[in-house]
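[1] coordinates only, sequence not included:
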């Protein structure tokens, strides 16, 4: 059984004359421990696909199963619990809380799950050490470079030990050298057995993956 399975998935926003079909009849599967790139031009539907995979958005037609569980029809709370337990999400602009220290940002998903504060802090510090930031735990995000902030975002995404890491243009805001460092970190994460799905327009990033899924006009061109 595939970890992720989409069958004839479509997503439409709006109704009537203003309706916009962002995804059209998408069928694909992704196995555990795969490293996959989703590529396409701006507006092609790749970010919509990522949001559906993460349970942030729902399908209009078709079916999406994660670990054999049908995602269509589950409540928003169920989707949030599933996302917090099984998915880690990394975004281009880091999405860190500037008032919080680095370690407070990383431990946040654990606290949402009800993990005791002391245990959450211990796990967050261990994850910061894994991404090479164990000496920066008391700093604020604005005191870090872009690459360091992205490492904090990755640590936060991994702290709940998810099955899948979803990365939306993770190197888009970084210079070439820093981007290469982040891709090397992704390689290390993938080797640990995690399923890694990267949405990108950067072909260099895409070619670092085992498989490329190309999206054009809401349809899968290369499954």
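    It's in. Because the structure is predicted, anything quoted here is derived from the model rather than measured.

[2] and the nearest residue to residue 173 once chain neighbours are set aside, what is it in contact with?
    For residue 173, ignoring the flanking residues on the chain, the nearest one in space by CB to CB, 6 or more residues apart in numbering is residue 92 at 5.3 Å. The C-beta positions use only the backbone N, C-alpha and C, and glycine is treated the same way. Taking CB atoms under 8 Å, 6 or more residues apart in numbering, we find residue 92 in contact with 168-170, 172-173.

[3] Narrow the residues you listed to those that are buried.
    Among the contacts of residue 92, those scoring as buried are 168-170, 173 (criterion: 16 or more other CB atoms under 10 Å).

[4] between these, which is closest to residue 196?
    residue 170 (10.2 Å; CB to CB).

[5] What is the longest helix of this protein by residue count?
    What stands out as the longest helix in the chain, according to DSSP state H, is helix 176-191.

[6] quick one: low-confidence parts of the chain?
    Along the chain, segments meeting pLDDT under 70 span 223.

[7] on that earlier part again, for the helix or strand following the longest helix of the chain, which strands pair with it and how are they oriented?
    Moving toward the C-terminus from helix 176-191, the next helix or strand (DSSP states H and E) is strand 195-200. Sheet pairing of strand 195-200 (DSSP bridges) gives strand 35-39 (parallel), strand 164-168 (parallel).

[8] Redo these as a markdown table? Include distance to residue 1.
    Listed next are the strands paired with strand 195-200 as a markdown table, based on distance: least, CB to CB, whole Å:
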| stretch | distance to residue 1 |
| --- | --- |
| strand 35-39 | 17 |
| strand 164-168 | 15 |
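
[9] so which of those strands comes closest to residue 121?
    Ranking the strands paired with strand 195-200 by proximity to residue 121 (CB to CB) places strand 164-168 first, at 22.2 Å.

[10] for the residue most central in space within the chain, which residues make a bridge with it?
    For the chain, residue 166 is the residue whose C-alpha lies nearest the centre (CA atoms, centre = their mean; 1.9 Å). Beta-bridge pairing for residue 166 (DSSP bridges): residue 89, residue 197.

[11] which residues does it contact?
    Shown in contact with residue 166 (CB under 8 Å, 6+ apart): 50, 53-54, 87-90, 197, 199.

[12] So which of those is the closest to residue 34?
    Proximity of these to residue 34, judged by CB to CB, is greatest for residue 197, which lies at 8.1 Å.

[13] How about the contacts made by that closest one?
    Per CB under 8 Å, 6+ apart, neighbours of residue 197: 30, 36-38, 50, 53, 164-167.

[14] name the helices or strands packed onto the longest helix of the chain?
    Under the contact criterion of 3 or more CB pairs under 8 Å, 6 or more residues apart in numbering; DSSP states H and E, helix 176-191 touches helix 146-158, strand 164-168, strand 195-200.

[15] try it again with 10 Å
    Judged by 3 or more CB pairs under 10 Å, 6 or more residues apart in numbering; DSSP states H and E, helix 176-191 is in contact with strand 35-39, strand 87-91, helix 117-130, helix 146-158, strand 164-168, strand 195-200, helix 203-206.

[16] Now distance to residue 178 too, for the ones you listed, in CSV please.
    As requested, the helices and strands packed on helix 176-191 are exported to CSV (distance: least, CB to CB, whole Å):
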stretch, distance to residue 178
strand 35-39, 19
strand 87-91, 14
helix 117-130, 18
helix 146-158, 4
strand 164-168, 15
strand 195-200, 15
helix 203-206, 13
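
[17] out of the ones you listed, which comes closest to residue 58?
    Nearest of the helices and strands packed on helix 176-191 (CB to CB): strand 87-91, 15.1 Å.
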